[in-house]
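J.: For reference, the sequence and a predicted model appear below.
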Amino acid sequence: MKNKVQLITYVDRFGGSTIPQLQELLDGPLKGVFGGVHLLPFFHKIDGADAGFDPIDHTRVDERLGSWHDIKQLTHSADVMADVIVNHMSSESPQFMDYSEKGSASAFDGLFLTMESVFPNGATEQDLLAVYRPRPGMPFTVTTLANGERRLLWTTFTPQQIDIDVHTPAGKAYLESILQKLSQSGVTMVRLDAVGYAIKKAGANCFMMPETFDFIKAFAQRGRELGLEVLVEIHSYYKRQMEIAKQVDWVYDFALPPLVLHALEFGRSAPLRAWLDQRPNNAITVLDTHDGIGIIDIGADAADRANNPGLVPPNELDELVERMHRNSQGQSRQATGAAASNLDLYQVNCTFFDAMGRNEAAYLIGRAIQFFVPGIPQVYYVGLLAGENDMALLAETKVGRDINRHYYPRDEVLQAIQKPVVARLLDLIRLRNEHPAFNGQFSHAADAEHALTLSWTQGADAIRLVVDLKAKSGVIHFSSPTGEQQFELR
């Protein structure tokens, strides 16, 4: 993976509706800005129950977006990352339709998880209560198959997303077909979506168990054999991320977004700096993604709060959530928790720019911190344009995450990149991509509680970010062939 900033985007929500239109944007107005692009699910079909994360056919590009040839062409402009949704597939998939019609006579019998396949001897109340799920309720859907059979299907996320058994021959063949297709089409990186829930076991919590780690390790090895680097997406207690990082190519630093917000809201660098001392460096750094802003990632371990505290005290974590709601004028409250479907127990749905109260200086400081923290920075398309909450889309779909999934036609993108805060962010991205010191050694310091200094050096090359968190002011000092220069964050 190139040590350059990546873009993460939906194909049809950023500058057009097709892969060639996205490539035209990357080769034109945004030329040289991104070393890679993570395409959020572009498989058939993109407008199911969960914005493409419930694929009907994971080996087929949605025709409205383009073709595998278009994906191959895009790889000439930037490295391409794609999702492998390992936990589930759509209830409209041909595999499930065949299973629904034929039952045990189907070639796909055993591909889909039922309650019985995990609990063949039945389940006690404690067995069921032990199962971890990111949303309220039990992870099952009562379903009448087309052949008249009634089954309790395992559905971790929505009734339209049917969990698969990754250990059966059918499950292994399904996942192998996806990896093969992506590798053949020039994709060089894959993100394992929802992999924390992929393994189920009676009597366990069915989330990030030792067996899950074994599955991730084996899957990552197979990916490497096909020339694919593997990124694992897990929202969980921060120490679990550190464990996962030892076994895979890349993990997300999901603790960083709330810690950056905390540092700027409370004017203290200590929690962020404590994280910098222990975090894994094989990380993709983010401030925002297509999901919400994670809270669980810096909180205490829900299974043992007394012995596994979070990165910030519980009262400050609660206050941070309230400040995000206040900064967004209450809009994030309308999109989070019981106020919206797609209910999440661990995230606040809001654009990062609105979560910071649309403070442009603070926003640029947040991005600078992200770019200086070791790892590969990834910028979400809405965040790239300092996007604001899309309340109209939220009202239309009533899906909380849609507040941060705006559709930008090309003209709107071209207008947005002219805004001073966006133009400044693009300059900052280019500096991050081009300065040689980012290939060297990292250090951090603070001469006061409200101060933060992040530095990179390589030989005679040096670059240093100096931030006053209380004043929300910052400056970057960097070496150049003509002497030291400054980049003001304003």
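T.: Right, received. Where do you want to start?
J.: So, low pLDDT: which residues of the stretch 51-200 of the chain?
T.: The model of the stretch 51-200 of the chain has no residue with pLDDT under 70.
J.: Please enumerate the helices of it.
T.: 68-74, 94-102, 115-118, 125-130, 169-184 (DSSP state H, counting those that start in this stretch).
J.: Without its sequence neighbours, what residue ends up closest to the spatially most central residue of the chain?
T.: Centroid-nearest residue in the chain: Thr289, 5.0 Å away (criterion: Cα atoms, centre = their mean). In space, and not counting its chain neighbours, Thr289 is closest to Tyr380: 5.5 Å by Cβ to Cβ, 6 or more residues apart in numbering. C-betas here are computed from N, CA, C, even on glycine.
J.: next one: Ala270
T.: Leaving aside its sequence neighbours, Ala270 sits nearest to Glu449 (Cβ to Cβ, 6+ apart; 6.9 Å).
J.: Double-check that that neighbour belongs to a strand.
T.: No: secondary structure of Glu449 (DSSP: H, G, I helix; E, B strand; the rest coil): coil, not part of a strand.
J.: Use 30 as the first number for this chain going forward.
T.: In the new numbering, first residue 30, that becomes Glu478.
J.: Relative to Ser133, how far out is it?
T.: 65 Å (Cβ to Cβ, to the nearest Å).
J.: Between these two, point out the one with more neighbours.
T.: More crowded of Glu478 and Ser133, by other Cβ atoms under 10 Å: Glu478, with 13 against 9.
J.: gap between the two ends of stretch 303-323?
T.: This stretch, stretch 303-323, spans 18 Å end to end (Cα to Cα, to the nearest Å).
J.: Repeat that for stretch 141-150.
T.: From its first residue to its last, stretch 141-150 covers 18 Å (Cα to Cα).
J.: likewise stretch 60-72?
T.: Stretch 60-72 end-to-end distance (Cα to Cα) = 26 Å.
J.: Give the buried residues for it.
T.: Neighbour-count burial for stretch 60-72 flags Val62, Phe63, Gly64, Gly65, Val66, His67, Leu68, Leu69, Pro70, Phe71, Phe72 (criterion: 16 or more other Cβ atoms under 10 Å).
J.: What of stretch 375-388?
T.: Buried-residue list, stretch 375-388, by 16+ other Cβ under 10 Å: 375-387.
J.: what pLDDT, on average, does it get?
T.: What stretch 375-388 shows for mean pLDDT is 95.
J.: related to what we said a few turns ago, closest to Pro465 out of the buried residues of stretch 60-72?
T.: Of all those, Pro465 sits closest to Gly64, with 14.8 Å by Cβ to Cβ.
J.: Surely the closest one and Val109 touch.
T.: No: Gly64 is beyond contact range of Val109, at 11.1 Å (criterion: Cβ atoms under 8 Å).
J.: intersection of neighbour lists for the two?
T.: The overlap between the contact sets of Gly64 and Val109 (Cβ atoms under 8 Å, 6 or more residues apart in numbering) is empty.
J.: and stretch 335-349, C-alpha only, in CSV?
T.: Backbone C-alpha positions of stretch 335-349 (Å, rounded to 0.1, in the frame of the first residue of the first chain) are rendered in CSV as follows:
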residue,chain,number,x,y,z
ALA,A,335,-13.7,-2.5,36.2
ASN,A,336,-10.5,-4.1,35.0
ASN,A,337,-10.4,-2.8,31.4
PRO,A,338,-11.1,1.0,31.5
GLY,A,339,-11.4,3.1,28.3
LEU,A,340,-9.0,5.6,26.9
VAL,A,341,-11.1,8.5,28.4
PRO,A,342,-13.2,8.5,31.6
PRO,A,343,-16.8,7.5,31.3
ASN,A,344,-18.2,10.9,32.2
GLU,A,345,-16.0,12.6,29.6
LEU,A,346,-17.1,10.1,27.0
ASP,A,347,-20.7,10.8,27.7
GLU,A,348,-20.0,14.6,27.6
LEU,A,349,-18.2,14.2,24.3
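J.: can you give me how far it is from the chain middle?
T.: Stretch 335-349 sits 22 Å away from the centroid of its parent chain (Cα atoms, centre = their mean, to the nearest Å).
J.: Stretch 50-65 too?
T.: Distance of stretch 50-65 from the chain centroid (Cα atoms, centre = their mean) equals 21 Å.
J.: Can you pull out the low-pLDDT segments for the stretch 330-479 of the chain?
T.: Scanning the stretch 330-479 of the chain for pLDDT under 70 picks out 367-374.
J.: how does it look with 90?
T.: For the stretch 330-479 of the chain, the stretches with pLDDT under 90 are 330-335, 365-375.
J.: Could I get the full set of strands for it?
T.: Counting by DSSP state E, counting those that start in this stretch, the stretch 330-479 of the chain has strands at residues 376-377, 405-409, 470-474.
J.: and the ones you listed as TSV, adding distance to Leu174?
T.: Output for those, formatted as TSV (distance: least, Cβ to Cβ, whole Å):
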stretch	distance to Leu174
strand 376-377	33
strand 405-409	39
strand 470-474	55
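J.: wait, which of those is closest to Leu55?
T.: Among the strands of the stretch 330-479 of the chain, strand 405-409 comes nearest to Leu55, with 12.9 Å by Cβ to Cβ.
J.: How many residues are close by Lys210?
T.: By other Cβ under 10 Å, the residues close to Lys210 number 18.
J.: swap in Ala480?
T.: Per other Cβ under 10 Å, the neighbour tally for Ala480 reads 16.
J.: now Phe471
T.: 16.
J.: Return the residues in contact with it.
T.: Phe401, Pro403, Leu483, Ser484, Trp485.
J.: Excluding residues flanking it in the chain, which one is nearest the third one?
T.: By that I understand Leu483. The shortest distance from Leu483 to any non-neighbouring residue, by Cβ to Cβ, 6+ apart, is to Phe401 (4.0 Å).
J.: thought the one you found was touching Thr482?
T.: No: look at Phe401 against Thr482 with Cβ under 8 Å: they stay out of range, at 9.6 Å.
J.: I'd say Asp79 and Gln190 touch.
T.: Yes: the criterion here is Cβ under 8 Å, and Asp79 meets it with Gln190 at 6.4 Å.
J.: Who has more neighbours out of the two?
T.: Comparing Asp79 with Gln190 by other Cβ under 10 Å, the one with more neighbours is Gln190, at 24 against 19.
J.: any idea how far that one lies from Ala223?
T.: Counting by Cβ to Cβ, the separation of Gln190 from Ala223 is 9 Å.
J.: Also Gly366?
T.: From Gly366 to Ala223 the distance is 20 Å (Cβ to Cβ).
J.: What of Asn310?
T.: The gap separating Asn310 from Ala223 is 25 Å, by Cβ to Cβ.
J.: Those two - which one has more neighbours?
T.: Each of Asn310 and Ala223 has its neighbours counted (other Cβ under 10 Å); Ala223 has more, 20 against 11.
J.: mind listing what that one touches?
T.: Phe82, Ile114, Val115, Asn116, His117, Thr185, Phe186, Glu262.
J.: One more pass at 6 Å, please.
T.: Contacts of Ala223 were listed using Cβ atoms under 6 Å, 6 or more residues apart in numbering, and they are Asn116.
J.: Could you do Ala329 as well?
T.: Applying Cβ under 6 Å, 6+ apart, the residues near Ala329 are Pro338, Gly339.
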